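Novice: Show me the folded form of this:
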Amino acid sequence: MESNDEFHILNLLCNCVIWNSRKQKVNKGIYYVIQNSNRIYNILFTDEELIIDERIKKEFDEQTKKENITEERVITFKINKNEYNYYEAKHDKTGDTFYTRYYDKNRLLSMGTFDLSPQETYDEISSVIYNLERINGIENIIDIDFLKTQVLEDLDKIRHK
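Specialist: Below is the predicted model of the structure:
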């Protein structure tokens, strides 16, 4: 892979998209890497899932009062099962991860204070989708309406129960 990295894509890929920890191997699929101002997107299509990773570089984070952090938000949609999960975290300049939060459609396991509510998840995923929609040509890569239908509409039902 490195010998063919003419555009330095490997430096822009994140582990959560490349590495399949369940299978302990690199994910096979179609990768897209998009840089848009202070954001980097990794989008992976496999036979089983769609993964969208958004990383935002911030000089200062108001919420944590830390400097030079990366805010990461990851949507994973399991295509054949119509299931999804969401993960968000912040990373400091040394690579340490903090402020980790999760949401899983099936809610089989509670992570306590690390759990996101359906409302919080809806807001966060809506924000990622909104940011994606602002990228010229994104409709040639990903069907945004599909994400809205499969994920946001499902979350909307859950948060209004």
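Novice: quick one, what contacts residue 155?
Specialist: Applying Cβ atoms under 8 Å, 6 or more residues apart in numbering to residue 155 gives the contacts 118, 121, 122, 125. For glycine as for every other residue, the C-beta is placed from the backbone atoms N, C-alpha and C.
Novice: Show me what the longest helix belonging to the chain is packed up against.
Specialist: Taking DSSP state H as the criterion, the chain has its longest helix at helix 118-133. When contacts are defined as 3 or more Cβ pairs under 8 Å, 6 or more residues apart in numbering; DSSP states H and E, helix 118-133 sits against strand 49-61, strand 66-78, strand 83-91, strand 97-104, helix 144-147, helix 153-159.
Novice: can we see that at 7 Å?
Specialist: Counting contacts by 3 or more Cβ pairs under 7 Å, 6 or more residues apart in numbering; DSSP states H and E, helix 118-133 is packed against strand 49-61, strand 66-78, strand 83-91, helix 144-147, helix 153-159.
Novice: Near the nearest residue to residue 46 once chain neighbours are set aside, how many residues? Count them for me, please.
Specialist: Distance criterion Cβ to Cβ, 6 or more residues apart in numbering; nearest residue to residue 46, sequence neighbours excluded, is residue 29 at 3.7 Å. By other Cβ atoms under 10 Å, 17 other residues sit near residue 29.
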